[in-house]
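**Student:** A structural model of the following input is requested.
(2 chains)
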Amino acid sequence: MNCPQCQATVLDDSHFCHQCGAEISKAATNTTDTLPSQTLDISYLQRVDAVTALLAGKQCGACGYDTCAENAEAIVKGQSGYDSCVGTDEKTRHQIKALLGLPPQVSFWQQVWRWLTSVRLAIGLILALTVVSVVGTLLPQNAQPMSYIEQMGPDLYLLVHALQIDNLFQSWYFLGLLLALLVNTLCCTIKRSRVSFRLLTRPMPEHTIEEVRRMDHHLSVPLAEASDALDRVQDDLIQQRFRVTKSGGMLQAYKRRAGRLGVDLLHISLVLVLASAALGTFYSYESFQVGHQGETFELAEGGFSVRVDKLWSESYASAARVKDWYTTLTVIDNQEETLTQTIEVNHPLTYNGVSIYQASYGSDWWEQGHYTVQVIRSADGADLGTYDLDSQNAVYVPEAQFTMSYVTFFSDFSLDDDMRSYNRSGALNNPALYLRLQVGDEPPQEAWAFSRTDMRGLYQTHMAGDAAYQVNLVGMSAEPYTGLRIAYNPAIPYIYAGFGLMVLGLFLNFYWSPRWVWVVIDGQSLHLGANARLSEQFEVGLRALETVRPPAQEREFSHAD
Amino acid sequence: MQIDSTFFFYFNAVGYFAAFICYLMHLTARERTADLVTEPSAAAVGVKADVSMRRVSQWGRRASLVTVVAVVFGTLGMIWRTVELSRVSDWFIPLPVSNTYETLAFFAWTIPLLYLIFERRYKTQALGALVTGLAFLLIVIASSPLVPHEVTPLVPALQSYWLVAHVFFTLIGEALFSVAFAAAIIKLWRAKRGAAAASLHRLEDISYRAVAVGFPLFTLGGLVFGAIWAQNAWGRYWGWDPKETWMLISWFIYAIYLHARVRWGRDDERGTWLIVIGYLATIFTWFGVNYLLSGLHSYG
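**Tutor:** Have a look, this model is predicted:
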């Protein structure tokens, strides 16, 4: 057989060319096309051998057994599924199934275990979770029923609500899928980690030439003078930081063995994160608290009180934008001041596991507003003086004999299409105070007091009608308030531990993946097989073989590809 | 004309466009050569193929060079922007990723940068046209009047080093997914044209490698750092906000790919399609969620 790229002579069932490294298509490798009709007649050992021949031969351990031969025996015994080898295609699986003849007697629990630990179940569950999550983002979650009814009508809403689509991520089926994935991951990890443990603690299994040549990546080099070829390969592997064991005409070498644990750690971490997140929901709480300077409020769940000492806001020097909000808080535990700390956005205070976050900040015009108004008699334009009132206390105007009291305050007064007034934003763009004027026992009158002169004019000509008095807003101030989010979740440390494990597992698996190399020598050739996830990782083997190969043309990539 | 960071990013766009053209010329010349080689009709084909081959390598060399120059412009732009942003923000922010413009510019910078490593490692330039085309598209969207370019100081919620860690690792992961996506598209296209198995395997290797390197970074930045930052800023590590959920959906799809590759093997075309779908979900997480769905993540 010749290499299609460089035309060098290669052994018949090589997967790679030993000269140029090109991959040789393995058209006719799976030759066992026979569907034996007399499968029941062949002996146990023959069947084990036949199944071994059909398995992928990668020795990858993904099936839950150390070697392909062990899995083959388990398949014949019925302890492992005919489709347990991840490296086989559908056709080969059917051949194995046919080879087994009558399905072996397997207990119900073994079947359940096999299903629970399968990769197929994992793929199905993640796919289902993906689809459900997509649906959950298309419809706003946990909104007011009225907003859904306005959008879709009452009939459709009742259906959506019954199917829990408006609360999808807490629905029984979503949580059920997560639980199933948790169980699947856990079972798979138990099965897989047993193999990992053996692979890491026991010496590498020995493999025959036949087994080596069936590995995912393998290479055979004809040897002219075979005397020290094995030693040279060994030296090179050691130089590449492999741990090498040599016995007879065989070498077993490995490096980055710990990488095998990556998947196990990753899966354990997912179980840890999901389980602690789920348990956390039973013990956690969240609330919102508005605080003013000097106020003390009690956190019943945390068993302590918090006093707001000081609150302020800072702006950037370069632009009229808020830089940050600050609140100085003092924790009072058992009538003792135990902690004073200034919090800001992104820097919460934590005490007894309860965290207090700076969530918002503003002026409390509604509870703590102080206003100064000027009263003018419309008839002759006489100034009746200025008066102070606040959101709690009314004021009496003796000259006009009415009492003014606060109704509401808009910091950014505006009118909508139907000429109804509303507050457009929290910014102090167009302050307007809405007042009630009470004269004796007469029915009360209501009036807007504006700060902007253009608004005063507009109000007089178009909105006020023939009111006897005009009221102008000439001064205003309000105590600032701080918006504090209070959250307690005892699961956080466990979730973070899970994150740490997850990152460790991911990096071990993808950045520190193990390489296992087997070298066997016979009379004329040296055979090297490797179990690595990528063919490029096999280049360690290729490099080792450079030492025994006669100097040939340099492996060359054209610029084209 | 005042020289600021946007100036460099305009040059960046021009550079990516030039690189895109060079890679495209390279790719078409290369496919034509491949057709000539597989068509053993006349003796003259050999000479023709030789001429064609020379053209392939000429355009290939030009393309890589132009990409390197464009990336250098991008680097200068990123450094300049860092200085500008730190100056208005009163604290040193190591990476300018505070709004849509800056994140797009950063993303458009990392994709060709990481791609160049793959180009060197795998000695293939077949992905170049797609990668630089994508980077060009991103930087053009960023430079268009649709996206505000001003350097604005950070709002309180963004003033955290978690912002930098979260965006940096997520986008590095997504840039690697872009490389995987490009390799997957080229692989599907070549498979349709009946290319040799070795060429498809090489492309599959690139796809898998890019996902394998990108997935841990994407998880670290998007899932882990994102959750820790949300816990620090809002007091909840996870809230099923549309952006979070779509990030998880992308993560799920890549997780399915990684499991499917174990189960179905690397020759299965479904795996290649999963990389394409995963990437579309990633892009939707970014643009689709911002413009079609609403949530807390309305920064960029």
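
**Student:** Please count neighbours and contacts with C-alpha atoms only from this point.
**Tutor:** Noted.

**Student:** could you list every residue that touches A:W448?
**Tutor:** A:432-435, A:459, A:471 (Cα atoms under 8 Å, 6 or more residues apart in numbering or on different chains).

**Student:** If we only consider the residues you listed, which is nearest to B:E84?
**Tutor:** A:A432 (39.5 Å; Cα to Cα).

**Student:** any idea how far A:S220 is from the closest residue to the closest one other than its chain neighbours?
**Tutor:** Closest residue in space to A:A432, ignoring its immediate chain neighbours: A:F450 at 4.7 Å, by Cα to Cα, 6 or more residues apart in numbering or on different chains. Remark: distance between A:F450 and A:S220 (Cα to Cα, to the nearest Å) = 92 Å.

**Student:** Looking at the two, which one has more neighbours?
**Tutor:** The neighbour count for A:F450 versus A:S220, taken as other Cα atoms under 10 Å in any protein chain shown, is higher for A:S220 (27 against 24).

**Student:** Please look at the more buried one and A:A530 and confirm they touch.
**Tutor:** No - using Cα atoms under 8 Å, A:S220 makes no contact with A:A530, being 11.8 Å away.

**Student:** And the helices in chain A?
**Tutor:** A:44-54, A:68-77, A:90-100, A:108-116, A:119-138, A:145-162, A:172-201, A:209-213, A:229-239, A:261-283, A:453-458, A:492-511, A:539-546 (DSSP state H).

**Student:** Quick check: mean pLDDT of the longest one?
**Tutor:** Mean pLDDT, taken over the full extent of helix A:172-201, equals 91.

**Student:** what about it, near chain B?
**Tutor:** No - Helix A:172-201 lies out of reach of chain B by Cα under 8 Å from any Cα of the partner chain, never closer than 12.1 Å.

**Student:** need the contact list for the closest residue to A:S313 other than its chain neighbours.
**Tutor:** The shortest distance from A:S313 to any non-neighbouring residue, by Cα to Cα, 6+ apart, is to A:W325 (4.5 Å). Contacts for A:W325 were tallied using Cα under 8 Å, 6+ apart; they are A:311-314, A:344-345, A:358, A:360-361, B:156.

**Student:** Apply 10 Å and report the result again.
**Tutor:** The contact partners of A:W325, by Cα atoms under 10 Å, 6 or more residues apart in numbering or on different chains, come to A:311-315, A:343-345, A:358-362, A:482-483, B:156.

**Student:** cool, B:G265 as well?
**Tutor:** A:86-89, B:259, B:271.

**Student:** What are the buried residues along the least confident helix or strand in chain B by mean pLDDT?
**Tutor:** The weakest-scoring helix or strand in chain B, judged by mean pLDDT, DSSP states H and E, is helix B:289-292 (a mean of 77). For helix B:289-292, a neighbour-count test (16 or more other Cα atoms under 10 Å in any protein chain shown) marks B:289-290 as buried.

**Student:** what's it packed up against?
**Tutor:** Applying 3 or more Cα pairs under 10 Å, 6 or more residues apart in numbering or on different chains; DSSP states H and E, we find helix B:289-292 packed against helix A:119-138, helix B:242-264.

**Student:** now those helices as TSV including mean neighbour count and distance to A:M146?
**Tutor:** Listed next are the helices and strands packed on helix B:289-292 as TSV, based on neighbours: other Cα atoms under 10 Å in any protein chain shown; distance: least, Cα to Cα, whole Å:
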stretch	mean neighbour count	distance to A:M146
helix A:119-138	18	18
helix B:242-264	21	21
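
**Student:** Show me chain A divided up by domain.
**Tutor:** A:119-192, A:291-347+A:355-488 (automatic domain parsing).

**Student:** what's the span of the shortest one, first residue to last?
**Tutor:** Going back to what we said before, that points to domain A:119-192. With Cα to Cα, one end of domain A:119-192 sits 11 Å from the other.

**Student:** how much space between whichever residue of the stretch 151-300 of chain B sits closest to chain A and A:I356?
**Tutor:** Using Cα to the nearest Cα, B:A233 is the residue of the stretch 151-300 of chain B that sits closest to chain A, at 4.3 Å. Using Cα to Cα, one gets 10 Å for the distance from B:A233 to A:I356.

**Student:** Sticking with the closest residue in space to B:P94 that isn't next to it in sequence, tell me its helix or strand.
**Tutor:** Leaving out its chain neighbours, the residue that sits closest to B:P94 by Cα to Cα, 6+ apart is B:T82, at 6.6 Å. Assessed by DSSP states H and E, B:T82 sits inside helix B:44-89.

**Student:** ok, then the element right after that helix?
**Tutor:** helix B:100-122.

**Student:** Run the chain-centre distance for that following helix.
**Tutor:** 6 Å (Cα atoms, centre = their mean, to the nearest Å).

**Student:** Now do it and helix B:44-89, the angle between them.
**Tutor:** 140 degrees (axes from the mean of the first three to the mean of the last three Cα atoms, to 10 degrees).

**Student:** and helix B:100-122, what does it pack onto?
**Tutor:** Taking 3+ Cα pairs under 10 Å, 6+ apart as the contact cut, helix B:100-122 packs with helix B:5-37, helix B:44-89, helix B:128-143, helix B:161-192, helix B:197-218.

**Student:** so which of those gets nearest A:D388?
**Tutor:** Of all the helices and strands packed on helix B:100-122, helix B:44-89 comes closest under Cα to Cα, at 40.2 Å.

**Student:** could you give the mean pLDDT of that closest one?
**Tutor:** 85.

**Student:** Stretch A:411-426 too?
**Tutor:** Mean pLDDT, stretch A:411-426: 84.

**Student:** so what's the residue nearest to A:A432 up against?
**Tutor:** A:F450 neighbours (Cα under 10 Å, 6+ apart): A:373, A:410, A:413, A:430-434, A:456-459, A:471-474.

**Student:** partners of it in the sheet?
**Tutor:** Per DSSP bridges, the residues bridged to A:F450 are A:A432, A:N472.

**Student:** any idea how far it is from A:Q293?
**Tutor:** 28 Å.

**Student:** ok, now A:L501?
**Tutor:** 43 Å.

**Student:** average pLDDT for stretch B:129-149?
**Tutor:** 92.

**Student:** Just confirm yes or no for it near chain A.
**Tutor:** No - Stretch B:129-149 lies apart from chain A when judged by Cα under 10 Å from any Cα of the partner chain; the minimum separation is 13.7 Å.

**Student:** Please name the bridge partners of A:A487.
**Tutor:** A:E286, A:S355.

**Student:** just checking, it touches A:N352?
**Tutor:** No - counting by Cα atoms under 10 Å, A:A487 does not reach A:N352; the two are 11.4 Å apart.

**Student:** and those two? which has more neighbours close in?
**Tutor:** The residue with more neighbours, out of A:A487 and A:N352, is A:A487; 21 against 9, by other Cα under 10 Å.

**Student:** ok so, going back, now for A:S220 and A:A530: what residues contact both?
**Tutor:** With Cα under 10 Å, 6+ apart, A:S220 and A:A530 have common neighbours A:212-213, A:519.
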